[in-house]
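>>> structure for this input, please:
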Amino acid sequence: YFQDLLCICLHLGVHPAQSFHALINFLVDGLTEDNYEIQGPVLKPLQSLFNKMFIRRGQTSISVIGDMARATLLVKNEEDLREVVKKIETLFPKIHGEQFQGPNKIGVGKFLEDVAEMDKVPGTEIILYHSKPNSSQKERMGNKKHPLYYNLNFFDSIPEYHWVGTTEMFVAFELQIGLEAEVSGLREDH
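Got it, this is the predicted structure:
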């Protein structure tokens, strides 16, 4: 199985980097380059992918690996962060905080139909499908404060299908968006 997983990782190669940069360029339009920093993208470590697919879940049903590659957009101030998040919430209201219905819940056909009907990031083939505050923000939100760290999941055009052993999966990507000071503090504590 490791060889099959490695082939998936190699197949993805540079391709997601172009999508991440197109998505980030869309989100930061209007900000100056001094007001944000980009980290990544990096592919999910092979051991982590193997664990997610076979050990932790013991999956045999088809699912979505939502973070096959991940990048982070670090925004320097809260006002700019709110502008980026507002852009997502305004243009893609159906994806914010909603529970995404994957193929294991609604079937592959319905899943692909639903994804095909989703709005794309203007000027791209990128399909945003889920946006939510990062789980590290629960306490902050419990205190009625705005989250400072978000996860944004997307497909690059149509969901890419892979079959490894008895596990079937669609590959998606994750952009983490956060206030630089908040994300740096969390990573130091982690």
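
>>> quick one, what contacts the nearest residue to L112 once chain neighbours are set aside?
Nearest residue to L112, sequence neighbours excluded (Cβ to Cβ, 6 or more residues apart in numbering): P159, at 7.0 Å. Heads up, the C-betas are built off the backbone N, CA and C, glycines and all. Contact partners of P159, counting by Cβ atoms under 8 Å, 6 or more residues apart in numbering, are 64, 111-112, 115, 170-172.

>>> how near is P159 to G102?
Distance from P159 to G102, counting by Cβ to Cβ, to the nearest Å: 10 Å.

>>> gap between D34 and P147?
D34 is 23 Å from P147, by Cβ to Cβ.

>>> the two - which one has more neighbours?
P147 (19 against 7; other Cβ atoms under 10 Å).

>>> next up, phi/psi of the more buried one, please.
phi -60, psi 150 (degrees, to the nearest 10).

>>> isn't it right up against Q137?
Yes. Applying Cβ atoms under 8 Å, one finds P147 in contact with Q137, separated by 3.9 Å.

>>> ok, N134 to Y150 distance?
6 Å.

>>> list residues touching both of these two?
With Cβ under 8 Å, 6+ apart as the test, N134 and Y150 both reach 176, 178.

>>> which of the contacts of P159 lies closest to D29?
A172 (23.1 Å; Cβ to Cβ).

>>> show me what contacts that closest one?
Applying Cβ under 8 Å, 6+ apart, the residues near A172 are 64-68, 129, 153-155, 159.

>>> so which of those residues wins on neighbours?
F154 (25 neighbours).

>>> so that one: helix, strand or coil?
strand (DSSP: H, G, I helix; E, B strand; the rest coil).

>>> what's the answer for V42, then?
V42 ends up strand, using three-state DSSP.

>>> so how far is I127 from it?
In terms of Cβ to Cβ, V42 sits 21 Å off from I127.

>>> for the protein, what helix or strand is lowest in average pLDDT?
Least confident helix or strand of the chain, by mean pLDDT, DSSP states H and E, is helix 2-12 with a mean of 47.

>>> and the next element down the chain from that helix?
helix 15-27 (DSSP states H and E).

>>> in that next one, which residues are buried?
Within helix 15-27, the residues scored as buried using 16 or more other Cβ atoms under 10 Å are 16, 19-20, 22-24, 26-27.

>>> where is pLDDT lowest across these?
Among the buried residues of helix 15-27, P16 carries the weakest pLDDT, at 74.

>>> hmm, that one is touching F173, no?
Yes. Judged on Cβ under 8 Å, P16 makes contact with F173 at a distance of 5.4 Å.

>>> report the set of residues contacting both of these two.
Common neighbours of P16 and F173 (Cβ under 8 Å, 6+ apart) are 41, 68-69, 156.
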